[in-house]
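Novice: fold the following for me, if possible:
(2 chains)
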Amino acid sequence: MTLTLDIPRLETPRLILRAPAPGDIDAYVAFLTDPERSWGFGTEPDRPKAWRWFAMNIGHWALHGYGYFTLELKETGEPCGISGIWNPEGWPEPEVGWVVFDGFEGKGLAFEAATRAREWAYTDLGMTTLTSNIVPGNDRSVALAERMGAWFERSYHNVNMGEDMLYRHPGPAALGLGSDDDGSPEAYA
Amino acid sequence: MSTPSAIPVLTTEHLTLRGYRETDFYPFAAFAASERSRFVGGPQTRDEAWRSFMAAIGHWALRGYGMWVVEHRESQKVVGRVGVILNDGWHEPELGWHIYDGFEGKGYAYEACVAARRYAAEHYDITPLMSYIDPANTRSIRLAERLGCHFERDVEVRGKPCQLWRHPGVEGMA
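Specialist: As a prediction, the model looks like this:
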């Protein structure tokens, strides 16, 4: 890539969260154009539109300084999902998002990645609160959000997804990431 | 982080072709919402326009070239966008242009296209370029003719019929 973007490389026990690379495109396209897997994330109708989504995420990084990382499985080097901080036009506020590609679900990889992305947003980006937007019926994502300590706050109309549920994550202090940990009851268990 | 710094800046008599700033979205969104965008995939809602705008920045990262923001030097107003686009599904890299409401008829598209086309030939080795034109877009056809292009063939882009116009090579450029 010609443009050099300042996208960090984060690690978890099993994953690397890194900048999207041109070699990831096929994996993204397969996910984004598969309505069964991507309905809760936003399905793209065809490869050109999925390519555009891939380019958009890079633009999101360029202008916001954050976006979606590619999740790379350390063991095999394969791209296995997407997670990061997302805040396109019309969004209520920045959210933590996560997705695992076909064949990688049920291993706790999304939890591992999203928890790391959230920590990065609080400690490196200086964000003070985060949300996750979840489409009604996406029970797996609700379970993951709750496992991360997030709670249902309200329903609203999302410009892209229609009726959407906004989950609120515990803040940096409650997670023990801030300097003024107040020990509030929503503290991360 | 602001404008990706690797987008080159080109200067012409009246214009600066440059990279992206967050505030460039507002005139783009106004254009994308208007009937003026009907030949370039519009009109678009604000969130669709935002996605297009961000994708145009990502295009630079993925292809190494893309659409510049065109700014009028004297007033520092953004008058449109010009550049080279190779979206997935395109036949080959395209020289594209759109000028925002209130800035047409001054030759800005021509001036920016000449600079962008020459830069693409000299720095990206993309020549001769083509431009997709909707046959109903008579203004763009007139500009293509002024740029020395000729109609080459009818094509389909994402299922939509349009014309492919061929630009001159380096030796025939203005």
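
Novice: contacts for stretch B:157-173?
Specialist: Defining contact as Cβ atoms under 8 Å, 6 or more residues apart in numbering or on different chains, one finds that stretch B:157-173 is touched by A:48, B:89-91, B:95, B:114, B:117-118, B:121-122, B:127-135, B:141, B:144, B:147-156. Quick note: C-beta positions are derived from backbone N, CA and C, even for glycine.

Novice: end to end, how far does that stretch reach?
Specialist: Taking Cα to Cα, to the nearest Å, the span from the opening residue of stretch B:157-173 to its closing residue is 26 Å.

Novice: thinking again about what came up before, among the contacts of stretch B:157-173, name the buried ones.
Specialist: Buried subset of the contacts of stretch B:157-173 (neighbour count, 16 or more other Cβ atoms under 10 Å in any protein chain shown): A:48, B:95, B:114, B:117, B:121, B:127-134, B:141, B:144, B:147-149.

Novice: of the residues you listed, which belong to strands?
Specialist: Using DSSP state E, B:Leu95, B:Met130, B:Ser131, B:Tyr132, B:Ile133 are the members of the buried ones among the contacts of stretch B:157-173 that sit in strands.

Novice: closest to chain A among those residues?
Specialist: B:Tyr132 (13.6 Å; Cβ to the nearest Cβ).

Novice: show the contacting residues for that closest one.
Specialist: B:Glu94, B:Gly96, B:Val155, B:Val157, B:Cys162, B:Gln163, B:Leu164, B:Trp165.

Novice: can we see that at 6 Å?
Specialist: Under the criterion of Cβ atoms under 6 Å, 6 or more residues apart in numbering or on different chains, the contact list for B:Tyr132 reads B:Glu94, B:Val157, B:Cys162.

Novice: what is the nearest of the residues you listed to chain A?
Specialist: Once Cβ to the nearest Cβ is applied, the member of the contacts of B:Tyr132 that ends up nearest chain A is B:Val157, at 9.3 Å.

Novice: how many residues are close by the closest one?
Specialist: Each residue near B:Val157 was counted by other Cβ atoms under 10 Å in any protein chain shown, and the total is 17.

Novice: can you name the residues bridging to it?
Specialist: B:Lys160 (DSSP bridges).

Novice: does B:Trp68 touch B:Gly83 like I think?
Specialist: Yes: counting by Cβ atoms under 6 Å, B:Trp68 touches B:Gly83, with 4.8 Å between them.

Novice: what does the helix or strand containing B:Val70 contact?
Specialist: B:Val70 belongs to strand B:67-72 when elements are defined using DSSP states H and E. Strand B:67-72 has contacts (Cβ under 6 Å, 6+ apart) with B:15-18, B:20, B:24, B:56, B:78-83, B:112.

Novice: cool, stretch B:111-118 as well?
Specialist: For stretch B:111-118, the external contacting residues (Cβ under 6 Å, 6+ apart) are B:Leu10, B:Thr12, B:Leu15, B:Leu17, B:Val70, B:Val82, B:Gly83, B:Leu95, B:Trp97, B:Leu147, B:Ala174.

Novice: hmm, try it at 7 Å
Specialist: For stretch B:111-118, contacts defined as Cβ atoms under 7 Å, 6 or more residues apart in numbering or on different chains pick out B:10, B:12-15, B:17, B:68, B:70, B:82-84, B:95, B:97, B:129, B:147, B:167, B:173-174.

Novice: buried ones only from these, please, as a PyMOL command.
Specialist: Filtering those down to the buried ones (16+ other Cβ under 10 Å) takes a single PyMOL command:
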select buried, chain B and resi 10+14+15+17+68+70+82+83+84+95+97+129+147+167+173
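
Novice: so which of the contacts of stretch B:111-118 belong to strands?
Specialist: Among the contacts of stretch B:111-118, the members found in strands (DSSP E) are B:Leu10, B:Leu15, B:Leu17, B:Trp68, B:Val70, B:Val82, B:Gly83, B:Val84, B:Leu95, B:Trp97.

Novice: CSV for these, including pLDDT?
Specialist: Formatted as CSV, these follow (pLDDT from 0 to 100):
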residue, pLDDT
B:Leu10, 97
B:Leu15, 98
B:Leu17, 98
B:Trp68, 97
B:Val70, 98
B:Val82, 97
B:Gly83, 97
B:Val84, 97
B:Leu95, 97
B:Trp97, 95
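
Novice: quick one: the lowest-mean-pLDDT helix or strand in chain B near chain A?
Specialist: In chain B, no helix or strand scores lower on mean pLDDT, DSSP states H and E than helix B:25-33, which sits at a mean of 91. No: Helix B:25-33 lies apart from chain A when judged by Cβ under 7 Å from any Cβ of the partner chain; the minimum separation is 7.7 Å.

Novice: and for the helix or strand following that helix, what's in contact with it?
Specialist: Once the chain leaves helix B:25-33, the next helix or strand it forms, by DSSP H and E, is helix B:46-63. Here helix B:46-63 makes contact (Cβ under 7 Å, 6+ apart) with A:1-3, A:5, A:22, A:52, A:55-60, A:62-63, A:88-90, A:159-160, B:4, B:7, B:20, B:25, B:28-29, B:32-33, B:44, B:66-67, B:85-86.
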